[in-house]
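Novice: I'll drop the sequence and a predicted model, then ask my questions.
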Amino acid sequence: MPKIKTHRAAAKRYSLTKNGKVKIAHAYRSHILTKKSTKRKRNLRKGTYASAANAKVIKKLIPYK
């Protein structure tokens, strides 16, 4: 069996923890920030984990990470 190619776009966006969870950054943080409150923007800075349904797909895209 040949090796599976890593999806490079996914590899740049997601990372795996030691326990196998998928770490992601929050969405809605790139532009149109003037109408968003300071509290909301501050909370968007923090990372989060992907949902179980999405994590399954992401793990297939980044098999060796």
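Specialist: Received the coordinates, thanks.

Novice: packing partners for the helix or strand where residue 55 lies?
Specialist: In this assignment (DSSP states H and E), residue 55 forms part of helix 52-61. Using 3 or more CB pairs under 8 Å, 6 or more residues apart in numbering; DSSP states H and E, the elements in contact with helix 52-61 are helix 8-13, strand 22-25. All C-beta atoms are positioned from the backbone trio N, CA, C, and that covers glycine.

Novice: OK, contacts around the residue most central in space within the chain?
Specialist: Centroid-nearest residue in the chain, with CA atoms, centre = their mean: residue 24, separated by 2.4 Å. Residue 24 is in contact with 13-14, 47-50, counting by CB atoms under 8 Å, 6 or more residues apart in numbering.

Novice: let's go with 6 Å and repeat that
Specialist: Neighbouring residues of residue 24 by CB atoms under 6 Å, 6 or more residues apart in numbering: 14, 48, 50.

Novice: mind listing what the closest residue to it other than its chain neighbours touches?
Specialist: Among residues not flanking residue 24 along the chain, residue 50 sits closest, at 5.1 Å (CB to CB, 6 or more residues apart in numbering). By CB under 6 Å, 6+ apart, the contact set of residue 50 is 22, 24, 58.

Novice: Could you do residue 23 as well?
Specialist: Contacts of residue 23 (CB under 6 Å, 6+ apart): 15, 47.

Novice: hey, what's it bridged with?
Specialist: residue 15, residue 49 (DSSP bridges).

Novice: ok, now how distant is residue 20 from residue 8?
Specialist: 21 Å (CB to CB, to the nearest Å).

Novice: I'd like to know how many residues surround residue 14.
Specialist: 20 (other CB atoms under 10 Å).

Novice: Residue 61 is in contact with residue 7, correct?
Specialist: Yes: using CB atoms under 6 Å, residue 7 makes contact with residue 61 at a distance of 3.9 Å.
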